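Enquirer: after the sequence you'll find the predicted model.
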Amino acid sequence: MSDKKVIVIGAGLAGLSGAIYLRKRGFQVEVFEQNEQLGGKAGEIRANGFRFDTGPSLVTMPFVLEDLFREVGADRSALLPWLEIDPICRYFWPDGSQLDAVGDVERMQNLIEAFAPGEGAAFRRFLAYCKRIYDATADIFLTAPIHETTVWLRLQTLKKIFSLPRIDPFHTVDQSVRRFFRDPRLVQLFDRYATYNGSNPFQAPATLNIIAYVEFVLGAVYPHGGIYRLVSRLQQIAQELGVIIHAGQRVEKILYDDRHRVTGVQVGGDGHAADAVLCNADVVQTYANLIEGFPRERRKLGRLEPSLSGIVFLWSVKKSHATLAHHNIFFSADYQREFHQLFVEKTLPSDPTIYIAITSKTDPADAPPGEENWFVLINAPYLDNTRPADSGAAAALRKAVFARLAQAGIDIAPYISHEQVIGPDDFYRLYGSNRGSIYGISSNSRQTAFRRPANRNKRLSGLYFAGGSAHPGGGIPLVVLSAKMAADLIARHTGGQQQQPAG
Ligand SMILES: Cc1cc2nc3c(=O)[nH]c(=O)nc-3n(C[C@H](O)[C@H](O)[C@H](O)COP(=O)(O)OP(=O)(O)OC[C@H]3O[C@@H](n4cnc5c(N)ncnc54)[C@H](O)[C@@H]3O)c2cc1C
């Protein structure tokens, strides 16, 4: 082990995995997390026999976590067994139609063909197109620190840049989805993947269509015991490796000397020295609140559009619903209008798309027998500093959810025995998410989709970033990849060991 020390700010999924990667690269590692509960947006609430994950509900690209466990020699299948979710999601439309999305491509093709004759083959063509984008982008945009000159100078990168049109950056997600599907319900279903990183399918570049490929072909899983079990396992692995974790301690300042070299952090008024700092706090908030100076960075970052936020209802439900699956989507009648309201008018949608996850369908221990734990998520605009927060928002949305479910024959209100609401203000207050966004920066423009904030600041040596607001973006697998990239950069610049074999 080296005597070099790295301080990690924040114990979200990126901070915890970053701490593990850094320890494996030989550093002394200390983590400061402002909340008592670790995991950041991937939180957990337990009450009266119910268990709820408060953030993510689905793990895509599971091989990213497999790699992390393999690198530390941990047995992923014993520590964090996956449960396959079948169907991956049950979709409901306002006209009463319904479709199950399944991970088996052949079966999915048949289900689509039965749902909308002629569209099964379109699905196969669409997946082939998404795969081409994935193959052309994954190793430069997802797994490499794209802001580093060394990455750009690689022949492989240059070749990929010259094949740019293959990644379809000049159409929007919706425009390209429409080239494949005629049925408007399927257009809506495949447009929805843009929201997996909080973006607008009517603005975001069609390159984001890779997300559909990632889910259908590369797999989507759910950890037995819930998403929070991933947080607990990462915490356990980090501590077994010797990472020191301080919960309930907020970093107030990142310290640097007059040669613009990071020297440590300030917590509770005391300085803590470090050779490098890995910051898992939101990049925009970090420049606004934790670093003195650097007005250029602050201005530039302040101009980037945040991702969607959301309003979450956690409902303890005294009934079980055979018509619902583990993941369910009730689509709005007019998706374009919904996203216009979210991103242009910056208001809550009048007819929202409703996502309902009921993990007790798969993991019965999450609710008492015969009852269900409902996680209901509705997309909401990021906080707009120019207008006051809408205090009646939750009440209006609750009514809209009840009305939409009633149309589908589900009378939910009398069966809710307990409710907890989490909204944009909570994401801002609890986790320091810029303007309450849940995926950092949106990918609504080519600039933000391909050039997210870098994993380090070249003008302030020793400061690195990992997490949803940095490259390559939000969502569980991407924040873990960002942590790995940042740890590798720190090892390269700060004299750690290069990646070690497992065991
Ligand atoms: C409702 C919801 C649903 C989602 N659904 C999915 C999904 O199904 N699948 C998926 O892959 N992703 C999903 N996501 C996104 C996913 O949760 C995030 O991308 C990911 O958890 C972000 O991890 P992170 O480490 O980047 O950031 P965070 O979780 O925000 O962690 C940052 C941590 O830093 C701490 N911190 C900040 N400032 C300081 C400071 N000054 N001092 C000390 N600590 C500090 C915070 O308290 C926090 O713990 C969802 C998110 C939400 C909210």
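Expert: Yep, it's here.
Enquirer: does residue 487 touch residue 18 like I think?
Expert: Yes - at 5.7 Å, residue 487 counts as touching residue 18 under the criterion of Cβ atoms under 8 Å. All C-beta atoms are positioned from the backbone trio N, CA, C, and that covers glycine.
Enquirer: these two - which one has more neighbours?
Expert: In this view residue 487 and residue 18 are compared by other Cβ atoms under 10 Å, and residue 18 has more residues nearby, 35 against 29.
Enquirer: any buried residues in stretch 268-282, and which?
Expert: Neighbour counts over stretch 268-282 (16 or more other Cβ atoms under 10 Å) mark 272, 274, 275, 276, 277, 278, 279, 280, 281, 282 as buried.
Enquirer: so what's residue 268 closest to, chain neighbours aside?
Expert: residue 249 (6.7 Å; Cβ to Cβ, 6 or more residues apart in numbering).
Enquirer: that neighbour in helix, strand or coil?
Expert: coil (DSSP: H, G, I helix; E, B strand; the rest coil).
Enquirer: and it, how far from residue 5?
Expert: Going from residue 249 to residue 5 by Cβ to Cβ, to the nearest Å gives 16 Å.
Enquirer: ok, now residue 225?
Expert: Distance from residue 225 to residue 5, by Cβ to Cβ: 33 Å.
Enquirer: and residue 448, by the same measure?
Expert: 33 Å.
Enquirer: also residue 274?
Expert: 5 Å.
Enquirer: between those two, which contacts overlap?
Expert: residue 30 (Cβ atoms under 8 Å, 6 or more residues apart in numbering).
Enquirer: stretch 256-269 and the ligand in contact?
Expert: No - using Cβ under 6 Å from any ligand atom, stretch 256-269 stays clear of the ligand, with a minimum separation of 7.8 Å.
Enquirer: buried residues in that stretch?
Expert: Here stretch 256-269 shows 256, 262, 263, 264, 265, 267 as buried, counting by 16+ other Cβ under 10 Å.
Enquirer: stretch 48-55 now?
Expert: Within stretch 48-55, the residues scored as buried using 16+ other Cβ under 10 Å are 50, 51, 52, 53, 54, 55.
Enquirer: same question, stretch 236-248
Expert: Result for stretch 236-248 [16+ other Cβ under 10 Å]: buried residues 237, 238, 243, 245, 246.
Enquirer: give me the neighbour count for the residue lying closest to residue 450 once chain neighbours are set aside.
Expert: Of all residues not flanking residue 450 in the chain, residue 141 sits nearest, at 6.7 Å (Cβ to Cβ, 6+ apart). Residues near residue 141, counting by other Cβ under 10 Å, number 22.
Enquirer: touching, residue 141 and residue 451? I think so.
Expert: No - between residue 141 and residue 451 no contact is recorded; they are 9.9 Å apart, counting by Cβ under 8 Å.
Enquirer: enumerate the residues of the protein near the ligand.
Expert: Counting by Cβ under 6 Å from any ligand atom, the residues of the chain close to the ligand are 9-15, 32-35, 40-42, 55-58, 250-251, 280-281, 290, 310, 312, 377, 431-433, 438-439, 467-468, 474-476, 479.
Enquirer: can you tell me which of the residues you listed end up in helices?
Expert: Those of the residues of the chain next to the ligand mapping onto helices are 13, 14, 15, 431, 476, 479, per DSSP state H.
Enquirer: what residues are up against the third one?
Expert: Applying Cβ under 8 Å, 6+ apart, one finds that residue 15 lies in contact with 8, 9, 31, 33, 40, 278, 280, 466, 467, 483.
Enquirer: quick one: distance of the helix or strand where residue 403 lies to the chain centre.
Expert: In the assignment (DSSP states H and E), residue 403 maps to helix 393-407. Relative to the chain's own centre, helix 393-407 is displaced by 25 Å; criterion: Cα atoms, centre = their mean, to the nearest Å.
Enquirer: ok, stretch 443-457 next?
Expert: Counting by Cα atoms, centre = their mean, stretch 443-457 comes out at 15 Å from the chain centroid.
Enquirer: just the CA atoms of that stretch, as PDB, please.
Expert: Taking C-alpha atoms only, stretch 443-457 is exported to PDB below (Å, rounded to 0.1, in the frame of the first residue of the first chain):
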ATOM      1  CA  SER A 443     -28.400  15.000 -22.600                       C
ATOM      2  CA  ASN A 444     -30.900  17.300 -24.400                       C
ATOM      3  CA  SER A 445     -28.200  18.800 -26.700                       C
ATOM      4  CA  ARG A 446     -25.100  17.300 -28.400                       C
ATOM      5  CA  GLN A 447     -22.900  19.400 -26.200                       C
ATOM      6  CA  THR A 448     -24.300  17.900 -23.000                       C
ATOM      7  CA  ALA A 449     -24.800  14.400 -24.400                       C
ATOM      8  CA  PHE A 450     -21.200  14.000 -25.500                       C
ATOM      9  CA  ARG A 451     -19.200  16.500 -23.400                       C
ATOM     10  CA  ARG A 452     -20.400  16.200 -19.900                       C
ATOM     11  CA  PRO A 453     -18.300  17.700 -17.100                       C
ATOM     12  CA  ALA A 454     -14.900  16.100 -17.100                       C
ATOM     13  CA  ASN A 455     -13.600  13.600 -14.500                       C
ATOM     14  CA  ARG A 456     -11.000  16.100 -13.400                       C
ATOM     15  CA  ASN A 457     -10.200  19.800 -13.500                       C
END
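Enquirer: go through it and flag the buried ones.
Expert: 443, 444, 445, 448, 449, 450, 452, 453, 454, 455, 456, 457.
Enquirer: so what touches that stretch?
Expert: Stretch 443-457 is contacted by residues 141, 145-147, 169, 194, 197-200, 203-205, 207-208, 283-284, 294, 297, 301, 304-305, 307, 343, 440-442, 463-466, 469-473, 482, 485-486, 489 when judged by Cβ under 8 Å, 6+ apart.
Enquirer: now, which of those residues lie within helices?
Expert: Filtering the contacts of stretch 443-457 for helices - DSSP H - leaves 283, 284, 297, 301, 482, 485, 486, 489.
Enquirer: just those residues now: which is nearest residue 381?
Expert: residue 284 (16.4 Å; Cβ to Cβ).
Enquirer: wait, what's in contact with the closest residue to that closest one other than its chain neighbours?
Expert: Leaving aside its chain neighbours, residue 284 sits nearest to residue 434 (4.1 Å; criterion: Cβ to Cβ, 6+ apart). Residue 434 makes contacts with 282, 283, 284, 285, 306, 382, 428, 440, 469, as judged by Cβ under 8 Å, 6+ apart.
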